[in-house]
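*Asks:* here's my sequence, what's the structure:
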Amino acid sequence: MTDILLNALAAGLILALVCGPLGTLVTWQRMAYFGDTLAHSALLGLALGLSWQIRLEWAVLLACTGIAVLLFALQLWRDTALDSLLGILSHTSLALGLVALSFMDGPAFDLNSFLFGDLLAVMPEDLRLLAGIATVVLLLLGCYWRGLVAVIAHAELAAVEGRNVNALRLLLMLLIAATVAVAMKVVGVLLITAMLIIPASAAGRLSRSPEQCAVIAILCGVAAVASGLAAAWTWDSPGGPSVVLCAALIFVAAQFSRGFR
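*Replies:* Numbers count the residues shown, from 1 in each chain. From the prediction side, this is the model:
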């Protein structure tokens with residue numbers, strides 16, 4: 001039982017470490033619905049993985065990165081509003097995934113475990129995959145942080161300064177896609193968006209710079225993971241949803257904290 005808790009804690013802490021800075025960029029650019037769109041496309045990846053008989057994490061990663069690239073291409077090609085494209089791709093990919101799953105033969109698949117995740121069922125191989133993706137994402141964020149912040153703050157000014165705005169935007173989308181695809185094993189498809197958004201939103205109320213917001217978001221995520229696992233252990237509640245609820249409580253506390261300042 002100790003190993004189960006340690007694996008869950010390690011996975012949650014890795015996720016918090018990645019979602020802190022990444023969620024900061026997502027919330028600053030008002031791309032919260034983008035993570036939700038990728039989460040919905042994960043069902044399409046699930047259908048691909050089951051039909052091709054490959055590891056589900058890699059199939060979901062393929063589907064999420066494909067949707068991210070398609071969204072980026074459509075936004076440039078048709079110059080359509082981002083929120084409209086997100087709504088179209090989100091529901092289309094979700095519907096396509098559900099239809100594909102309904103036509104598949106073979107043993108029944110527990111869709112609930114995929115949607116909501118099971119933090120207490122994380123295996124060592126899951127930890128290695130999560131740590132590998134997290135390392136790549138954090139290294140790329142560290143290398144391109146200033147450019148990403150510049151693009152989010154003022155894209156036109158960043159272009160004048162010689163930054164490749166489109167490349168940086170695509171990079172951010174791909175980093176979000178990779179994080180969503182791997183983290184769905186930890187907190188589930190429908191809850192990964194909450195882990196990206198809630199700690200960063202709480203940190204945004206308490207910080208004055210992107211760097212400060214990223215650090216505080218990491219701390220909020222760590223606190224949510226630790227308290228959520230403690231609650232799950234004490235009251236035998238689901239691990240992933242318990243973590244998200246604790247993150248929501250931290251967000252509420254941040255609102256009151258800001259109000260008293």
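*Asks:* could you point out which element follows the longest helix anywhere in the chain?
*Replies:* The longest helix of the chain (DSSP state H) is helix 124-153. Later in the chain than helix 124-153, the nearest helix or strand by DSSP states H and E is helix 155-160.
*Asks:* any idea how many residues pack against Leu96?
*Replies:* Using other Cβ atoms under 10 Å, Leu96 has 16 neighbouring residues. C-beta here means a position set from N, CA and C on the backbone, and glycine is covered the same way.
*Asks:* what of Ile152?
*Replies:* Close neighbours of Ile152, defined as other Cβ under 10 Å, add up to 21.
*Asks:* the one 3 residues further on too?
*Replies:* Around Ala155 there are 16 other residues, counting by other Cβ under 10 Å.
*Asks:* list the contacts of it.
*Replies:* Going by Cβ atoms under 8 Å, 6 or more residues apart in numbering, Ala155 touches Val165.
*Asks:* switch the cut-off to 10 Å
*Replies:* Contacts here follow Cβ atoms under 10 Å, 6 or more residues apart in numbering; on that basis Ala155 touches Gln29, Arg163, Val165, Asn166, Leu168, Arg169.
*Asks:* quick one: Ala68 from Thr37, how far?
*Replies:* Distance, Ala68 to Thr37, using Cβ to Cβ, to the nearest Å: 9 Å.
*Asks:* give me the common contacts of those two.
*Replies:* Counting by Cβ under 10 Å, 6+ apart, the common neighbours of Ala68 and Thr37 are Leu89, Ile176, Ala177, Val180.
*Asks:* out of those residues, list just those in helices.
*Replies:* Cross-referencing the shared contacts of Ala68 and Thr37 against helices under DSSP H gives Leu89, Ile176, Ala177, Val180.
*Asks:* now the strands for the stretch 1-150 of the chain?
*Replies:* With DSSP state E, counting those that start in this stretch, there are no strands along the stretch 1-150 of the chain.
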